[in-house]
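sharing a sequence plus its predicted fold:
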Amino acid sequence: MKIGILQTGHSPDNMKDALGDYGDMFVKLLGGHGFDFQIWSVVDGDFPASAVDADGWLITGSKHGAYEDHHWIPPLEQLIRAIREAGRPLVGICFGHQIIAQALGGKVEKFAGGWSVGRTEYTIDGETLALNAWHQDQVTKLPDGAKVVGASDFCANAALLYDDHIWTIQPHPEFTQDFIDGLIRTRGKGVVPDHQLQAASALLDAPTDNAKIADHIADFLKKERL
C-alpha cells in the first residue's frame, strides 16, 4: 500500500540531519507496517498530480497557520477535497488536522488560551494517551460531518473523524522527546512562555504513547472500506 505524505513544513535546520524532516519522521513512525511511501513537499510547491496517486494520504505538521496567505494552501485544500471525494483514507497531524478542517468548512484560529507544548494527556476513542503537543492554533468550529473522537483539558477538538475515511489529531505522535527538547531550545525561545517551556522540559523523560497512535494510524489507513 502506497502512502502519500504531504509535507507542509520543515524541521529546524540545526535538527534536520540528526532527527529528520517532517516527512521522514512519519516514514520512521509507520515503519514495519508494510507501507511504501512517497513524500511530496507541498510547502515548496511539490504536489501530486491527483488524489489517486497514493492509496492513502497523510498531512504533516507545520510552523505555518492554516489561515495564513501562502501560495500552496489553496491547492492543498483543493487536494484534500479531492481525496475525500475519491474515498481515499486521509490522516492529518497538527497542521494537517487543522487544514483538513478548514478545507472542509471548519474554522481554525490562534487560540485565546495560548500554547500547548510537550507531553500532554488526551482522551482519544475513550482511552487516555500521552502525546507531545506543540501548537497555539486550534480547530474552533467543526466542519459538517466531523465527529469529535478525542480531546484534552486544553483542546476540545483534539481528534476528529470524518465519514470513516478521514482521521485527524492535534498532537504529534511523530515527535520524539529529543525533538521536543530541540524545539524547546530553538523555536520555543521567546515565543512560548518560559514557564511552559520549563514544564515541558521537566516531562522529557516521561513515556508517551506514540507507538499506539502509530498502530492506530496504520490500521486506519489499511481498513477495508465499501
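That came in fine, so what should we check first?

least confident secondary structure element in this protein?
For the chain, counting by mean pLDDT, DSSP states H and E, helix 13-19 ranks last in confidence among helices and strands (a mean of 87).

which other helices and strands does that helix contact?
Counting contacts by 3 or more Cβ pairs under 8 Å, 6 or more residues apart in numbering; DSSP states H and E, helix 13-19 packs against helix 177-185. The way it works is simple: take the backbone N, C-alpha and C, and place the C-beta from them, glycine included.

hang on, the earlier thing: and the next element down the chain from the least confident helix or strand of the chain?
helix 22-29 (DSSP states H and E).

excluding sequence neighbours, find me the nearest residue to the residue most central in space within the chain.
Closest residue to the average C-alpha location of the chain: residue 93 at 1.1 Å, with Cα atoms, centre = their mean. Nearest residue to residue 93 in three dimensions, chain neighbours excluded: residue 61, at 5.5 Å (Cβ to Cβ, 6 or more residues apart in numbering).

kindly report the same for residue 75.
Spatial nearest neighbour of residue 75, excluding adjacent residues (Cβ to Cβ, 6+ apart): residue 47 at 6.1 Å.

and the one you found, what is it in contact with?
With contacts defined as Cβ atoms under 8 Å, 6 or more residues apart in numbering, residue 47 is in contact with 40, 72, 75, 76, 79.

what subset of the residues you listed is buried?
For those, a burial check counting by 16 or more other Cβ atoms under 10 Å picks out 40, 72, 76, 79.

what is residue 3 paired to in the beta sheet?
The partner list for residue 3 in beta bridges (DSSP bridges) reads residue 37, residue 56.

mind listing the helices for this protein?
Using DSSP state H, the helices of the chain run over residues 13-19, 22-29, 73-86, 95-103, 177-185, 194-202, 210-222.

point out the most buried one among the ones you listed.
helix 95-103 (a mean of 27; mean count of other Cβ atoms under 10 Å).

thinking again about what came up before, nearest to residue 141 among the helices of the chain would be which one?
Proximity to residue 141 (Cβ to Cβ) singles out helix 95-103 among the helices of the chain, at 8.1 Å.

quick one: the closest one to helix 73-86, angle?
Note on geometry: by axes from the mean of the first three to the mean of the last three Cα atoms, to 10 degrees, helix 95-103 and helix 73-86 are set 80 degrees apart in direction.

tell me the angle of helix 95-103 relative to helix 22-29?
Helix 95-103 and helix 22-29 are oriented at 110 degrees to each other (the same axes, to 10 degrees).

now do helix 95-103: everything it contacts.
Contacts of helix 95-103 (Cβ under 8 Å, 6+ apart): 6, 8-9, 58-62, 64-67, 73, 76-78, 80-81, 90, 92, 107-108, 137-139, 142-143, 146, 157, 159-160, 162, 166, 168-170.

narrow those residues to those that are buried.
Buried, going by 16+ other Cβ under 10 Å: 6, 8-9, 58-62, 64-66, 73, 76-77, 80, 90, 92, 108, 137-139, 142-143, 146, 157, 159-160, 162, 166, 168-170, out of the contacts of helix 95-103.
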